[in-house]
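>>> need a structure here:
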Amino acid sequence: MSEVELVLVTDADKCTVYTIQFSSESESECERFYNKFVNDAQLNQDLLRIVALIDKIPEHGALERYFRREGSMRDSVVALPALKSHLRLYCLRLTDQILVLGNGGAKKFAPIRRTTHCGAMS
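Below is the predicted model of the structure:
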């Protein structure tokens, strides 16, 4: 099992933001997420929206409205952004004042298929 370090991203009055870094990796999980999509022309706008939210959170707090709930109420797993996006950055929102950024990926969409009865899509 790899050791994990909690790395400070920013410490502000409203929120302290951390990310995690495995001892076997040279980059934090948040850096790995960013570097994976920064040069992807199709996903770059979604990535920039997530980065803008990360920049906004320390000033306003890790408010629930910024996140999409992904796990159970007890596990604190959420994703950025809350609105429709092809990218998800998974986080642990512990309180309005403490956020841990993880990694994420591109959302997979189910393929559209035609039905045989009326030619409509389902």
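
>>> got any ranges where the chain has weak pLDDT?
Counting by pLDDT under 70, the chain shows low-confidence ranges at 1, 109-122.

>>> can you list contacts of the helix or strand containing V78?
Here V78 sits within strand 77-80, counting by DSSP states H and E. For strand 77-80, the external contacting residues (Cβ atoms under 8 Å, 6 or more residues apart in numbering) are 50, 53-54, 66-71, 88-93, 104. (Each C-beta comes from the backbone N, C-alpha and C, glycine too.)

>>> check stretch 14-26 too.
Defining contact as Cβ under 8 Å, 6+ apart, one finds that stretch 14-26 is touched by 2-11, 27-32, 54, 57-62, 96-102.

>>> filter those residues to the buried ones?
With burial judged by 16 or more other Cβ atoms under 10 Å, the buried subset of the contacts of stretch 14-26 is 7, 9, 28-32, 54, 57-58, 61-62, 99-102.

>>> one step back: return the subset of the contacts of strand 77-80 lying in helices.
50, 53-54 (DSSP state H).

>>> how far off centre is stretch 30-39?
Taking Cα atoms, centre = their mean, to the nearest Å, one finds stretch 30-39 lying 11 Å from the centre of the chain it belongs to.
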